[in-house]
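**Q** what would the 3D arrangement of this be:
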Amino acid sequence: MNIRNSDFQSVREWDNNNFVHPWEGMTGIGQNDRSFMESADGIYVTTEDGKRLIDGPAGMWCVQIGYGNTEIAEAMAAQAREMAYFSPFSNTNSVTARLGHEIAERTPGDLNHVFFTTGGSTAVDTALRFIHFRNNILGRPEKKVVISRQKAYHGSTYLAATVSGKERDKGWLDQAEGIGYFLPNVNPYIRPEGQSVEAFLDEKISDLENAILTIGADKVAAFIAEPILASGGVIVPPKGYHKRCLEVCRKHDVLYISDEVVTGFGRLGHWFASEDVFEIVPDIITCAKGLTSGYVPMGACIISDQLIDSISGENSKGATFSNGYTYSGHPVSAAAALKNIEIIERDGILENVRAVSPLFQERLHALRELPIVGDTRGMGLVGCVECAIDKNAPNALELDITVGARIDHHCQELGLILRPLINMCVFSPPLVINENQINQMFDILKKGIELASEDLKRDGLLEAMVKYKQEGIKLSRMPVA
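**A** Alright, predicted model coming up:
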């Protein structure tokens with residue numbers, strides 16, 4: 001339904017009165033003035049007032065092949081006409097079976113068993129339920145603790161949220177007791193002055209092994225890790241981190257879950273990042289987002305043959321994995337995912353990511369020269385700019401939010417959407433972006449930061465920020481608010 005711009009006052013009222021958004025702030029609920037994204041093509045979205053913007057976050061890290069792809073839309077429509085739904089509990093479908101095969105063909109090692117879900121949160125929930133289920137069958141009902149990390153995000157369903165480590169997301173919501181255990185932040189930017197990256201890496205590996213030994217290996221079921229901690233601030237652990245973590249897990253009979261909801265399907269230039277980028281073959285991979293390029297919801301929990309074999313057939317004790325969803329393996333979603341895979345492969349989109357990533361990272365790190373930028377980090381086509389604020393100030397969090405909001409505002413006025421995470425600007429554009437568009441995106445981002453700096457100078461805040469940067473005091477080194 002297309003609505004003329006003049007009619008949007010009514011639509012805004014419907015949005016505020018009836019649509020409860022994710023992460024809805026209760027203080028201002030019903031009073032928001034959000035932009036309406038009404039149409040899109042390629043890497044651009046168009047708002048209700050006709051403003052065309054580069055979509056920096058690719059929706060929510062997910063629109064890999066770009067907007068407006070008629071092939072994927074037609075594949076979905078054709079499948080809906082042919083067979084819109086089947087019950088995955090009692091029947092099956094050739095489209096979904098083929099998708100399972102195509103995914104298994106691209107996963108590392110023996111990860112060949114694909115459990116389809118409705119998205120990333122339910123994929124992680126499925127992974128956690130499966131490892132608990134398996135340990136019950138194996139006669140190890142106490143082996144249930146899942147080790148995660150500070151700043152990790154694994155979803156918003158109950159179990160997935162329980163193992164998520166973003167502290168401000170957990171303040172008012174309950175989590176399952178006795179399951180999640182969190183390791184300290186693995187961001188090299190926070191290491192103490194004088195500590196080498198190598199020493200920091202050794203410390204982070206010791207954190208994992210010490211946690212297993214403290215809890216007891218007989219009680220630790222799994223370690224769950226995003227290859228890059230995405231919504232926690234695009235945190236890239238030191239080189240070799242994941243490989244050494246896997247060695248520790250193998251040593252203590254702890255399963256390794258690689259949460260590739262963001263990194264899967266091309267974000268780092270490969271179908272999956274676990275083996276091709278980080279040199280690990282985990283026990284379970286979770287994915288979603290780029291699986292369908294965001295055109296329709298779908299996720300997957302991909303389990304190794306070894307895990308399935310250990311509790312199936314004669315080893316099953318007659319058990320049923322009674323976990324599933326009405327829309328598991330939905331045929332329209334499966335058709336979208338198959339066409340998405342075809343397009344990524346045919347059009348060389350993975351190759352494009354690998355080709356343009358050096359420019360993307362070069363332009364990203366050049367922003368460190370700006371006075372209010374404390375750190376830049378990223379890999380492939382994902383990046384973060386973290387701004388430096390005095391964390392000892394009594395209103396530090398308010399200042400953080402203000403700086404992020406000002407950069408976001410200026411960039412949107414100039415033609416770029418960012419994902420502001422308090423004082424961090426996060427972006428992960430569609431994978432079809434070209435070098436000219438990358439330069440345009442970073443030109444806007446640089447200008448937006450410069451305009452925000454002028455705002456800060458006018459308000460008397462810039463001098464303190466520049467002083468902190470000159471003294472080498474980094475934002476993430478300061479106490480967590």
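
**Q** which ones are touching residue 179?
**A** 128, 144-146, 159, 162-163 (Cβ atoms under 8 Å, 6 or more residues apart in numbering). Every C-beta, even on glycine, is put in place using the N, C-alpha and C of the backbone.

**Q** repeat that with 7 Å
**A** Contacts for residue 179 (Cβ atoms under 7 Å, 6 or more residues apart in numbering) come out as 144-146, 162.

**Q** how about the residues you listed in CSV, adding distance to residue 155?
**A** CSV is the format used below for the contacts of residue 179 (distance: Cβ to Cβ, whole Å):
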residue, distance to residue 155
144, 18
145, 18
146, 13
162, 10
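
**Q** just the ones of those residues in helices?
**A** residue 162 (DSSP state H).

**Q** gap between the residue in the chain sticking out farthest from the centre and residue 221?
**A** Farthest-out residue of the chain from its mean C-alpha position, per Cα atoms, centre = their mean: residue 314, at 38.2 Å. Distance, residue 314 to residue 221, by Cβ to Cβ, to the nearest Å: 23 Å.

**Q** before we move on, what about residue 194?
**A** 37 Å.

**Q** who has more neighbours, the two?
**A** Set residue 194 next to residue 221 and count neighbours by other Cβ atoms under 10 Å: residue 221 wins out with 22 against 6.

**Q** from the contact counts, what lies against the host helix or strand of the more buried one?
**A** According to DSSP states H and E, residue 221 maps onto strand 220-225. In this structure, strand 220-225 packs against helix 120-137, strand 145-149, helix 241-251, strand 255-259, with contacts taken as 3 or more Cβ pairs under 7 Å, 6 or more residues apart in numbering; DSSP states H and E.

**Q** now these as a markdown table including mean pLDDT, distance to residue 87 and mean neighbour count?
**A** Shown next, in a markdown table, are the helices and strands packed on strand 220-225 (pLDDT from 0 to 100; distance: least, Cβ to Cβ, whole Å; neighbours: other Cβ atoms under 10 Å):
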| stretch | mean pLDDT | distance to residue 87 | mean neighbour count |
| --- | --- | --- | --- |
| helix 120-137 | 98 | 17 | 24 |
| strand 145-149 | 98 | 31 | 24 |
| helix 241-251 | 98 | 37 | 18 |
| strand 255-259 | 98 | 28 | 27 |
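
**Q** okay if I get the ones you listed as a markdown table plus distance to residue 297?
**A** Below are the helices and strands packed on strand 220-225 laid out as a markdown table (distance: least, Cβ to Cβ, whole Å):
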| stretch | distance to residue 297 |
| --- | --- |
| helix 120-137 | 10 |
| strand 145-149 | 24 |
| helix 241-251 | 28 |
| strand 255-259 | 17 |
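
**Q** so which of the ones you listed is nearest residue 48?
**A** In terms of Cβ to Cβ, the element of those nearest to residue 48 is helix 120-137, at 28.4 Å.

**Q** direction-wise, compare that closest one with strand 255-259 and give the angle.
**A** Helix 120-137 runs at 170 degrees relative to strand 255-259, counting by axes from the mean of the first three to the mean of the last three Cα atoms, to 10 degrees.

**Q** tell me the contacts of residue 129?
**A** 159, 323.

**Q** so what touches the longest helix that the chain contains?
**A** For the chain, the longest helix by residue count, based on DSSP H, is helix 435-458. Helix 435-458 is contacted from outside by 43, 54, 56, 356, 359-360, 363, 367, 370-373, 403, 406-407, 410-411, 414-416, 425, 429, 462, 465, using Cβ under 7 Å, 6+ apart.

**Q** from those residues, which would you call buried?
**A** 43, 54, 56, 356, 360, 363, 367, 370-373, 403, 406-407, 410-411, 415-416, 425, 429, 462, 465 (16 or more other Cβ atoms under 10 Å).

**Q** out of those residues, which are inside strands?
**A** Among those, the members falling in strands are 54, 373, 416, 425 (criterion: DSSP state E).

**Q** buried sites along the strand holding residue 221?
**A** 220-225.

**Q** looking at those, which is nearest residue 20?
**A** Taking Cβ to Cβ as the measure, residue 20 lies nearest residue 224 of those, at 28.3 Å.

**Q** just to check, the closest one is in contact with residue 149?
**A** No: counting by Cβ atoms under 7 Å, residue 149 is not a contact partner of residue 224; they are 8.5 Å apart.

**Q** and the residue lying closest to residue 407 once chain neighbours are set aside, how far from residue 402?
**A** Leaving aside its sequence neighbours, residue 407 sits nearest to residue 452 (Cβ to Cβ, 6 or more residues apart in numbering; 4.5 Å). Per Cβ to Cβ, residue 452 is found 9 Å from residue 402.
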